[in-house]
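> Prediction below, plus the sequence it came from.
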Amino acid sequence: MSIPHLKVSGLKASVDGNPILKGVDLEVKGGEVHAIMGPNGAGKSTLALTLAGHPGYQVEGGSVLLDGKELLAVDADERAKAGLFLAFQYPQEVQGVTVANFLRTALTELRGREVPVREFMAKLHEKMDLLQMDHSFASRYLNAGFSGGEKKRNEMLQMAVLEPRMAILDETDSGLDIDAVRIVADSVNRLKGPGMGVIVITHYSRILRYLEPDVVHVMFDGRIVRSGGKELAEELEAQGYNWLRRELGYEEVAEEPAAEGAARDGR
């Protein structure tokens, strides 16, 4: 199987006529973990939702190729079938639908054929064992009554079962305590490999201590303005975003250093 390859070129998008993404360029290959950081309002989540095909975001220009296929030409379900996965910042609760039933239905849609129960359950239990999850988790209603950490672990289980070629984690660490962050990061480390590229969108660098991304990108004002190694994330945590604003000629804003903000928010 070929190595996954996502190439985003000059992506522009708006919401209700307001431009948010103003020309994003990004390239991620299988086996790589890319982190996208930036202050609130930089366009990070808009990028994730635009890539996934959310109808509330209007594409104004650019290209998004996954394995050479133009994703902007197809709807969200076709993007998922092409191998794009999005872990939501705020997963929805669905009463009456178990985790197992949801995942079997999703896998059936991706494969275009019904997955036999025995085959599915064997796969589900294999992935749960990999992620060190109790099998009883599969019989619970989807996210109903889940803690924040359990919701994010469920997203990791979905990623494990569906085996996407490119996974986008939109602020997966949001609102989690330090133990839950470690669990989520460990899950990603167990699942990553040459058959999947990973994009981690985050406001703080704490999760990156456990993930150790190959590349860190910084977004300001709807663009990626700086890329580097994990030392870039460490510098952002130490100094906040204003040092980079000064270098790039952006107006400074009142903010706490990222490390202090992370401690205050429990993130």
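It's in.

> check contacts around the closest residue to residue 85 other than its chain neighbours.
Of all residues not flanking residue 85 in the chain, residue 164 sits nearest, at 3.4 Å (Cβ to Cβ, 6 or more residues apart in numbering). For glycine as for every other residue, the C-beta is placed from the backbone atoms N, C-alpha and C. When contacts are counted by Cβ atoms under 8 Å, 6 or more residues apart in numbering, residue 164 is found next to 80, 83-85, 196.

> run the last query once more with 7 Å
By Cβ atoms under 7 Å, 6 or more residues apart in numbering, the residues touching residue 164 are 83-85, 196.

> do the same with residue 34
Here residue 34 is in contact with 28, 199, 213-215, 217 (Cβ under 7 Å, 6+ apart).

> buried residues in stretch 111-128?
Using 16 or more other Cβ atoms under 10 Å as the test for burial, stretch 111-128 gives 115, 120, 123-124, 127-128.

> Next: stretch 164-177.
Applying 16+ other Cβ under 10 Å to stretch 164-177 flags 164-174, 176 as buried.

> next one: that stretch to chain centre, how far?
4 Å (Cα atoms, centre = their mean, to the nearest Å).

> what about it, how long is it end to end?
Using Cα to Cα, to the nearest Å, the end-to-end distance of stretch 164-177 comes to 27 Å.

> So for it, mean pLDDT?
In this model, stretch 164-177 carries a mean pLDDT of 87.

> before we move on, what about stretch 17-29?
pLDDT averaged over stretch 17-29 gives 97.

> Contacts for it, please.
Outside stretch 17-29, the residues that reach it (Cβ under 7 Å, 6+ apart) are 3-14, 34, 43, 46-47, 50, 60, 166, 197, 199, 217, 221-224.

> Among the residues you listed, which ones are in helices?
Among these, the ones falling in helices (DSSP state H) are 46-47, 50.

> for those residues, which one is nearest residue 244?
Nearest to residue 244 among the ones in helices among the contacts of stretch 17-29, counting by Cβ to Cβ, is residue 47 at 18.1 Å.

> So what's the residue count around the closest one?
Neighbours of residue 47 under the rule other Cβ atoms under 10 Å: 27.

> Roughly how far does it sit from residue 34?
In this view, residue 47 and residue 34 are 12 Å apart by Cβ to Cβ, to the nearest Å.

> Repeat that for residue 106.
Where residue 34 is concerned, residue 106 sits at a distance of 25 Å (Cβ to Cβ).

> ok but residue 152 is inside a strand, no?
No: Residue 152 sits outside any strand when classified using DSSP: H, G, I helix; E, B strand; the rest coil, being helix.

> Pretty sure residue 146 is one of the things residue 91 touches, is it not?
No: using Cβ atoms under 7 Å as the test, residue 91 is too far from residue 146 to be in contact (8.0 Å).

> okay, and the common contacts of the two?
In contact with both residue 91 and residue 146: residue 154, using Cβ under 7 Å, 6+ apart.

> now for the buried residues of stretch 164-177, which pair is the farthest apart?
165 and 176 (26.1 Å).

> thinking residue 233 is in contact with residue 208, fair?
Yes: counting by Cβ under 7 Å, residue 233 touches residue 208, with 4.9 Å between them.

> overlap in contacts of the two?
residue 35.

> Check which residues of stretch 206-218 are buried.
206-208, 210-211, 213-218.

> Which one of the residues you listed is nearest to residue 54?
Taking those together and measuring to residue 54 by Cβ to Cβ, the closest member is residue 217, at 20.6 Å.

> contacting residues for that closest one?
Contacts for residue 217 (Cβ under 7 Å, 6+ apart) come out as 26, 34-36, 224, 227.

> and with 10 Å instead?
Neighbouring residues of residue 217 by Cβ atoms under 10 Å, 6 or more residues apart in numbering: 24-26, 28, 34-38, 44, 199, 201, 224-228, 232.
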